[in-house]
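Asks: Got a sequence here, can you build the structure:
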Amino acid sequence: MEAVIATGGKQYRVTPGAVIAVEKVAGDKGAAVEFRSVLFVNREGEVLSGDQVAKARVAGEVVAQGRGRKVEVVKFKRRKNYRRHRGHRQAVTNVRITKIEV
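Replies: Numbers count the residues shown, from 1 in each chain. All right, here's what the predicted structure looks like:
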């Protein structure tokens, strides 16, 4: 069984046992997490979407809290003595998917 969930403005394809990195979700290591925004479910070849997955949910547990890769933002204008260099690391949560309920 697999599902597509939406969280943090992004969509993720998940299966039970998979570990995904999503934008920060509240909770310490071992805390339960529930994703209610399920867009699609594939149940052994039977495809469910729309109203059929309105009550579906995906449960998981927090594996770790941390920060993602550094993204560097560089602005430069030639001959104008204008240079800006900035870095950003987004807070992420690693979540292990435990079950998909329809």
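
Asks: Please identify the buried residues of the lowest-mean-pLDDT helix or strand in the chain?
Replies: Across the helices and strands of the chain, mean confidence by mean pLDDT, DSSP states H and E is lowest for strand 46-49: a mean of 89. Within strand 46-49, the residues that count as buried by 16 or more other C-beta atoms under 10 Å are Leu48. For the C-beta atoms, the positions are set from N, CA and C on the backbone; glycine is no exception.

Asks: quick one: contacts of it?
Replies: Surrounding strand 46-49, the residues in contact under the criterion C-beta atoms under 8 Å, 6 or more residues apart in numbering are Leu39, Phe40, Val41, Asn42, Ala56, Val102.

Asks: Apply 7 Å and report the result again.
Replies: Contact partners of strand 46-49, identified using C-beta atoms under 7 Å, 6 or more residues apart in numbering, comprise Leu39, Phe40, Val41, Val102.

Asks: Of those, grab the buried ones for PyMOL.
Replies: The buried residues among the contacts of strand 46-49 can be selected in PyMOL (16+ other C-beta under 10 Å) with this line:
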select buried, resi 40+41
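
Asks: Setting aside sequence neighbours, what's the nearest residue to Ala56?
Replies: Nearest in space to Ala56, with sequence neighbours left out and distances taken as C-beta to C-beta, 6 or more residues apart in numbering, is Val38 at 4.1 Å.

Asks: Around the one you found, how many other residues sit close by?
Replies: Look at Val38: counted by other C-beta atoms under 10 Å, it has 22 neighbours.
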